[in-house]
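Peer 1: With the sequence up front, the predicted model follows.
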Amino acid sequence: IIANIIGGRQNMKIKTFIISAITLFISLYLIIGYHSLKHIDKNRIDVSKYITLVDEVSENKVQVNWKYVVSIIAVENKNKIKNISDDKIKNTANLFIEKSDNGYKLNSLDNVLNKLNFTDKEKERVNDYIDQLKYFGLTPYRLKEDSKYTKFIEEIKDEAIKNYKEYKILPSITIAQAILESSWGESDLAQIYNNLFGIKADSSWKGEYVTLETFEFYDTKIEDKFRVYSNKNQSIKDHAKFLVDNQRYKKYGVFEAKTYIEQAYALQNAGYSTAEDNSGQKRYAKDLIELIRQYNLQLIDSEIKISD
């Protein structure tokens, strides 16, 4: 069009130059646009906000995957994900929750994308974004594939999932308790005696035990007996059995909890730990919740709910 406008007033070289320049500009625009959509903009994701709001929607229902939510919103907004409203995040999270005869069930990602009438290309981009977020979270440097934190989680993840299927202790809770009680498997009790949870050898325990120093309440040091296991998987299984065999955990609703926040407070209220902060407030549930969020452990809960 431009070449025709300038027709007889300009020579062919100028026409060719203008057409080439316009073509180059359009090509660069398309390339830049493509690359700006190809990779999710991690620097603009308010991770803490997404986790908090998605977990708020999930609480006492089923655990929604915050990475699914942010990936959908990124596709819908052409990767412009800064300053997304709370309502937008909550509404997207709610798409994953459906009422069922037994309360609530978790909708699959495919079902949600179909609800939103996403094209095949948009669906592909959502899944690409999710893959890009695999080792991303509140502390990305600790979530790297080869970090000692990720390796420890992967080491006990499968057994934690088995425990959930048999005893209804959420994997996020099992793994967080193991992290907290064993200092990432590095405590003497964990390394030498395979006791990941600091479970004591009370009168009901007929197996081997060891006597070690421990802290009771905030700063009182005592000696106590702890169970000894032949391997870590045995410790994980006994942890769940220990909870089931103690009626107080049923009384406080530990096994009825649908999400990790509810189960963490149920454990604390049932007296699993006497840990207190320096102001005398119980801190166990808060410690578990912080760990779960920091290492995306709640997403394991979401995985098993989809597969149920």
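Peer 2: Structure's in. What do you need?
Peer 1: Show me what counts as buried in stretch 280-288.
Peer 2: By neighbour count on 16 or more other Cβ atoms under 10 Å, the buried set for stretch 280-288 is 282-285, 287-288. All C-beta atoms are positioned from the backbone trio N, CA, C, and that covers glycine.
Peer 1: Throw these into a markdown table and include distance to residue 264, thanks.
Peer 2: Converted to a markdown table, the buried residues of stretch 280-288 look like this (distance: Cβ to Cβ, whole Å):
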| residue | distance to residue 264 |
| --- | --- |
| 282 | 11 |
| 283 | 11 |
| 284 | 8 |
| 285 | 4 |
| 287 | 9 |
| 288 | 4 |
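Peer 1: Helices - which of the residues you listed land there?
Peer 2: Counting by DSSP state H, the part of the buried residues of stretch 280-288 found in helices is 284-285, 287-288.
Peer 1: circling back to that earlier point, need the buried residues of stretch 280-288 in a markdown table with pLDDT and distance to residue 54, can you?
Peer 2: Output for the buried residues of stretch 280-288, formatted as a markdown table (pLDDT from 0 to 100; distance: Cβ to Cβ, whole Å):
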| residue | pLDDT | distance to residue 54 |
| --- | --- | --- |
| 282 | 87 | 26 |
| 283 | 92 | 24 |
| 284 | 94 | 23 |
| 285 | 96 | 19 |
| 287 | 96 | 21 |
| 288 | 97 | 18 |
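Peer 1: Residue ranges in the stretch 101-250 of the chain under the pLDDT threshold?
Peer 2: Scanning the stretch 101-250 of the chain for pLDDT under 70 picks out 214-222.
Peer 1: So the residue nearest to residue 94 when sequence neighbours are not counted: helix, strand or coil?
Peer 2: Distance criterion Cβ to Cβ, 6 or more residues apart in numbering; nearest residue to residue 94, sequence neighbours excluded, is residue 57 at 5.7 Å. Assigned by DSSP: H, G, I helix; E, B strand; the rest coil, the conformation of residue 57 is helix.
Peer 1: The residue lying closest to residue 208 once chain neighbours are set aside: neighbour count?
Peer 2: Leaving aside its sequence neighbours, residue 208 sits nearest to residue 228 (Cβ to Cβ, 6+ apart; 4.1 Å). When neighbours are counted by other Cβ atoms under 10 Å, residue 228 registers 18.
Peer 1: Now do the same contact list for residue 228.
Peer 2: With contact taken as Cβ atoms under 8 Å, 6 or more residues apart in numbering, residue 228 is in contact with 193-195, 201, 207-210.
Peer 1: mind redoing it with 7 Å?
Peer 2: Residues near residue 228 by Cβ atoms under 7 Å, 6 or more residues apart in numbering: 193, 195, 207-210.
Peer 1: Strands along the stretch 101-250 of the chain, start to end?
Peer 2: Applying DSSP state E, counting those that start in this stretch to the stretch 101-250 of the chain gives strands spanning 103-106, 209-216, 220-227.
Peer 1: Can you tell me which of those strands is packed in deepest?
Peer 2: With neighbours taken as mean count of other Cβ atoms under 10 Å, the strands of the stretch 101-250 of the chain reach their highest mean count in strand 103-106, at a mean of 17.
Peer 1: returning to that earlier point: let me have the strands of the stretch 101-250 of the chain in TSV, extended by distance to residue 142.
Peer 2: Shown next, in TSV, are these (distance: least, Cβ to Cβ, whole Å):
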stretch	distance to residue 142
strand 103-106	27
strand 209-216	26
strand 220-227	28
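Peer 1: just the contacts of residue 228 now: which is nearest residue 126?
Peer 2: residue 195 (42.2 Å; Cβ to Cβ).
Peer 1: Alright, calling it a day.
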